[in-house]
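Peer 1: The sequence and its predicted three-dimensional model are supplied below.
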Amino acid sequence: MTPTSTIQLPEMAAVRQRLYSAPVLDVPAAVSRTVSTVPLAARTTVGDTVAVAVGSRGIDRLAEVVHQCIQGLKDHGLRPFLVPAMGSHGGGTADGQRAILSHLGITEEAMGAPLCSDMEAISLGRIRGDVHLFCAKDAIEADHLVVINRVKPHTKFSAPIESGICKMLTIGLGKVHGATEFHRSAIRHGFGIIQEGAVAVVEKGNFLFGLALIEDGYSRLAEVSAVSPEGLIAEESQLLRHAYEWMARIPFDPLDVLVVDVIGKNISGIGMDSNVTGRHRDVTGDFFTSPHIKRIFVRDLAPESDGNANGIGLADVTTRRLVDAIDVQKTYVNAIAAISPEKAAIPMHFESDRQAIEACIRTAGYEGGRKARIVRIRDTKSLETMMVSRALASEIEDHSGMDRIGPWKRPGFDGEGNLLKFGGV
């Protein structure tokens, strides 16, 4: 295709949907209050070491949560230190994982605690007879272990336990060995092994409590809860139900084209959340759920993803600039550990956004773009405001929780054929 357009793109307008909004949270107070509910005096001794496990996700106000948790542990006379719990992320290296935490504002200086980034994981035995259980050496050899993570729907499966404390206990803290083992074993045994593995880690190890975080529909921290060793499964399962209820979604189905401005590991484990896009490719099965989208165009890779473009294989079309930003080593290590090489597959890529959008429209069954049902979002965590094509006008009017906040006009492009910044159509 040449840069010269032969397709007239549809008029688009900005819309805003009303999502679940939690009251503004006083994070230090909420974390302090939550930590105070844990019977630390009965379960610890002054001077005990506590490994505080933190992952790679861009969770709202995560650095504040971690800092306050560490302070709360110190207030009880304990000696906390930080441990990256992110499986194979960061290229599967200690320096790479330290760098990811630094991107999130989590450093030794900012948190007031040592950061022990080491990829050594030790075996804790087996479950199901053939599934090896691993845990980071620094974490399991501490006197106690605290895990901080967001509880949310997983991008690969649906179950009572999905993404949260249990997953971090088995996969995040398992480092490359654990992440690879559990993803591979899930092909044989199903993802219920994450729950079984977490229980086994708790039984064999030093788990003190989990600090579970839930975000509202605006990706703002809405709830901080302590998860106990004895109530691990029941408590996390209840929190997951809240997360499902509060999760933001694209309210249009079906769609011809979805334009995603940015993907990245800071947004979702697979770059863009399949619970939002409705699309997944995996050895355990390809599936398409609501919304049903014919073509997905991804424009850019988030700088915070540090070159890890895992999930780009879920797109149909992308740009040359995104491909140039890929760190192949980091992306491949992550994709192989997750048993998902298809998510690292590089799709058709173009020099400009305009060419990419035209390719999507042409292959969605249209000669012209006027009738195409198109939505543009910043990323799958930012769904309050989106750009939509005029073909969706009647659905906006019929939607009680949505308002058009901008005029209908054709998308604007810069001199190189790339879309203007979000909202600039």
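Peer 2: Great, that's in hand. Numbers count the residues shown, from 1 in each chain.

Peer 1: List the buried residues for the helix or strand hosting residue 233?
Peer 2: Assignment of secondary structure by DSSP states H and E places residue 233 within helix 232-246. For helix 232-246, the neighbour count (16 or more other Cβ atoms under 10 Å) marks 232, 233, 235, 236, 237, 239, 240, 242, 243, 246 as buried. Yep, even glycine has a C-beta here, placed from its N, CA and C like the rest.

Peer 1: got the contact list for the fourth one?
Peer 2: For residue 236, the residues meeting the contact criterion (Cβ atoms under 8 Å, 6 or more residues apart in numbering) are 151, 161, 164, 165, 166, 210, 212, 227.

Peer 1: Buried residues, stretch 64-82. List them.
Peer 2: For stretch 64-82, using 16+ other Cβ under 10 Å, the buried residues are 64-73, 76, 78-82.

Peer 1: which residues sit in contact with the residue nearest in space to the middle of the chain?
Peer 2: Taking Cα atoms, centre = their mean, the centroid of the chain lies closest to residue 268, which sits 2.2 Å from it. Applying Cβ under 8 Å, 6+ apart, we find residue 268 in contact with 155, 311, 380, 381.

Peer 1: any chance of those residues in JSON lines, plus secondary structure?
Peer 2: Output for the contacts of residue 268, formatted as JSON lines (DSSP: H, G, I helix; E, B strand; the rest coil):
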{"residue": "155", "secondary structure": "coil"}
{"residue": "311", "secondary structure": "coil"}
{"residue": "380", "secondary structure": "coil"}
{"residue": "381", "secondary structure": "coil"}
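
Peer 1: For the residues you listed, pick the one with the most neighbours.
Peer 2: Among those, the one with the most neighbours (other Cβ atoms under 10 Å) is residue 311, at 32 neighbours.

Peer 1: With adjacent residues omitted, what lies nearest to that residue?
Peer 2: Leaving aside its sequence neighbours, residue 311 sits nearest to residue 271 (Cβ to Cβ, 6 or more residues apart in numbering; 2.6 Å).

Peer 1: next one: residue 10
Peer 2: In space, residue 10 is closest to residue 389, 4.2 Å off (Cβ to Cβ, 6+ apart).

Peer 1: On the three-state scheme, the residue nearest to the centre of the chain is what?
Peer 2: Residue 268 falls in the coil class when you classify it by three-state DSSP.

Peer 1: Distance check, it against residue 153.
Peer 2: Remark: distance between residue 268 and residue 153 (Cβ to Cβ, to the nearest Å) = 11 Å.

Peer 1: Can you list the low-confidence ranges for the stretch 1-150 of the chain?
Peer 2: 1-5 (pLDDT under 70).

Peer 1: closest to residue 192 among the buried residues of helix 232-246?
Peer 2: residue 233 (11.0 Å; Cβ to Cβ).

Peer 1: For that closest one, which residues are in contact?
Peer 2: Contacts of residue 233 by Cβ under 8 Å, 6+ apart are 160, 161, 166, 195, 198, 199.

Peer 1: repeat that with 10 Å
Peer 2: Residues in contact with residue 233 (Cβ atoms under 10 Å, 6 or more residues apart in numbering) are 160, 161, 165, 166, 195, 196, 198, 199, 202, 227.

Peer 1: Narrow these to just the buried residues.
Peer 2: Buried, going by 16+ other Cβ under 10 Å: 161, 165, 166, 195, 196, 198, 199, 202, 227, out of those.

Peer 1: picking up where we left off before, reformat the contacts of residue 268 as CSV; add pLDDT and distance to residue 290.
Peer 2: CSV is the format used below for these (pLDDT from 0 to 100; distance: Cβ to Cβ, whole Å):
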residue, pLDDT, distance to residue 290
155, 74, 15
311, 96, 19
380, 96, 14
381, 92, 18
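
Peer 1: Next, format those residues as CSV and append distance to residue 326.
Peer 2: As requested, the contacts of residue 268 are exported to CSV (distance: Cβ to Cβ, whole Å):
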residue, distance to residue 326
155, 20
311, 11
380, 19
381, 21
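
Peer 1: tell me which residues form a beta bridge with residue 82?
Peer 2: residue 52, residue 115 (DSSP bridges).

Peer 1: Settle this for me: it is touching residue 101, isn't it.
Peer 2: Yes - between residue 82 and residue 101 there is a contact at 7.2 Å, judged by Cβ atoms under 10 Å.

Peer 1: Identify the contacts common to these two.
Peer 2: Shared contacts of residue 82 and residue 101 (Cβ under 10 Å, 6+ apart): 54, 66, 107, 108, 111, 115, 117.

Peer 1: which residues of the stretch 1-150 of the chain fall in helices?
Peer 2: Along the stretch 1-150 of the chain, counting by DSSP state H, counting those that start in this stretch, helices occupy 27-36, 40-43, 62-75, 94-103, 108-111, 137-140.

Peer 1: Nice, that's everything, thank you.
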